[in-house]
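Asker: Got a sequence here, can you model it:
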Amino acid sequence: MLTQTINLIASFIFLLFLPGFLISLLFFSQKEINIFERICISIVLSIAIAINLGIILWFSKLFFNILGLNRFNLYSGLIFITLSFLIILFLRKFKKLSHK
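Answerer: Model prediction:
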């Protein structure tokens, strides 16, 4: 029971918050939007990313007979997207620090 609850909370954070939060950090500074707006934008962007990734995976199976839509491919794609945004954010912060 406890492991299912932890799994549910971690999945919620990873699927419905983290990718959108990283995008909101990339596009909006902390002075432009407050924390409530950032959380709302994060959830909406994360849902949009998951839906688009699901559509891409479904079309890849339908037309090219590769990958397909399953939990492993969806989580793998989300991990790739999240890590990509994290690397871009890190490089932006590192570039700002090196110019000071």
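Asker: for the chain, what are the low-confidence residue spans?
Answerer: 97, 99-100 (pLDDT under 70).
Asker: all helices of it, in order?
Answerer: 2-16, 18-27, 35-64, 71-99 (DSSP state H).
Asker: any chance of those in JSON lines, plus mean neighbour count?
Answerer: C-beta coordinates here come from the backbone N, C-alpha and C atoms, glycine included. Shown next, in JSON lines, are these (neighbours: other CB atoms under 10 Å):
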{"stretch": "helix 2-16", "mean neighbour count": "11"}
{"stretch": "helix 18-27", "mean neighbour count": "19"}
{"stretch": "helix 35-64", "mean neighbour count": "14"}
{"stretch": "helix 71-99", "mean neighbour count": "13"}
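Asker: my guess is Leu69 contacts Lys61, does it?
Answerer: Yes - if you go by CB atoms under 8 Å, Leu69 and Lys61 touch, sitting 6.4 Å apart.
Asker: Let me see the contact set for the nearest residue to Leu22 once chain neighbours are set aside.
Answerer: Excluding the flanking residues, the one nearest Leu22 by CB to CB, 6 or more residues apart in numbering is Phe85, at 3.9 Å. By CB atoms under 8 Å, 6 or more residues apart in numbering, the contact set of Phe85 is 19, 22-23, 26.
Asker: same deal with Ser84?
Answerer: Counting by CB under 8 Å, 6+ apart, Ser84 has no contacts.
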